[in-house]
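>>> The sequence and its predicted three-dimensional model are supplied below.
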Amino acid sequence: SEVNYVQMEFTVDTKTKTAIAEDGTTVLWNKGDKICVFDNSATAATNNNQFEINSGVGTSTAVITGSVPEDATEFYAYYPYSDKRKFVDGVVDAYVDETPGSTDGAFPAAVMMAKADADGNFAFKNVCSHIKFTLAEDMTDIKSIILMGNNAETIAGYCDVAWNNGEPVISPASNAASYAKIEKTSGLNPGDYYFSIFPTNFT
């Protein structure tokens, strides 16, 4: 059947995003950030809609715009955007990249979720844990750094994320990875880096 789509705008607020402000703690939205907005439309072939930052780049609160089916009344959001993500019974089949590349002072695209309130606002909840480390100025020949647990704990890769009444919880998939790697062929620059991983109790 033909589905009518309507433009929609949401405010997205978070303190756990991809760029770090100069104060070292405030986290900001970046230009080009895209978000999955899932809806409850009964007529649409897919309930995953791409929304993009429209204003508020460089701040912790931004406005995202996109379109949703006209019959949709409930909305959930997932970051980062992928057309492969599906939301069924409050659960997203998610992915935390175990090889995000060189992040140079920014978080990798770590998983976040939110549910829209009555005023059209998403307050994102961070799902991943972040581990920060610093390469000293004299460390100029580092090509890659790998994070692993002593017991090969699963810390990245495919997973399910359940909304869980506003407290998102990750469940690693059977093929989840036991490592995370930051790598750059030409070498990692001195400075701050972050691993974004499943919340994990290491032994």
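Right, received. Where do you want to start? Just so it is clear, the structure is predicted and the values come from calculations on it, not from any experiment.
>>> for the protein, which spans come out with low pLDDT?
Applying pLDDT under 70 to the chain picks out residues 1, 14-27, 101-107.
>>> residue nearest the centroid of it?
Among the residues of the chain, residue 111 comes closest to the average C-alpha position under C-alpha atoms, centre = their mean, at 2.8 Å.
>>> Just confirm that residue contacts residue 127, I think it does.
Yes - shown here, residue 111 and residue 127 form a contact pair, counting by C-beta atoms under 8 Å, at 4.3 Å. Using the backbone N, CA and C atoms, a C-beta is placed for each residue, glycine as well.
>>> ok so, going back, measure the residue nearest to the centre of the chain to residue 151 for me?
Distance, residue 111 to residue 151, by C-beta to C-beta, to the nearest Å: 23 Å.
>>> circling back: overlap in contacts of residue 111 and residue 127?
Contact criterion C-beta atoms under 8 Å, 6 or more residues apart in numbering; residues shared by residue 111 and residue 127: 94, 161, 168, 170.
>>> any idea how far the residue nearest to residue 199 when sequence neighbours are not counted lies from residue 62?
Computed as C-beta to C-beta, 6 or more residues apart in numbering, the closest residue to residue 199 that is not its neighbour in sequence is residue 129, at 4.7 Å. Computed with C-beta to C-beta, the distance linking residue 129 and residue 62 is 24 Å.
>>> Which one of those two is surrounded by more residues?
Just comparing residue 129 and residue 62: by other C-beta atoms under 10 Å the higher neighbour count belongs to residue 62, 24 against 14.
>>> picking up where we left off before, which single one of the shared contacts of residue 111 and residue 127 is nearest to residue 178?
Nearest to residue 178 among the shared contacts of residue 111 and residue 127: residue 170, at 14.9 Å, using C-beta to C-beta.
>>> can you pull the contacts of the residue nearest to the centre of the chain?
Here residue 111 is in contact with 78, 79, 80, 94, 95, 96, 127, 128, 161, 168, 170 (criterion: C-beta under 8 Å, 6+ apart).
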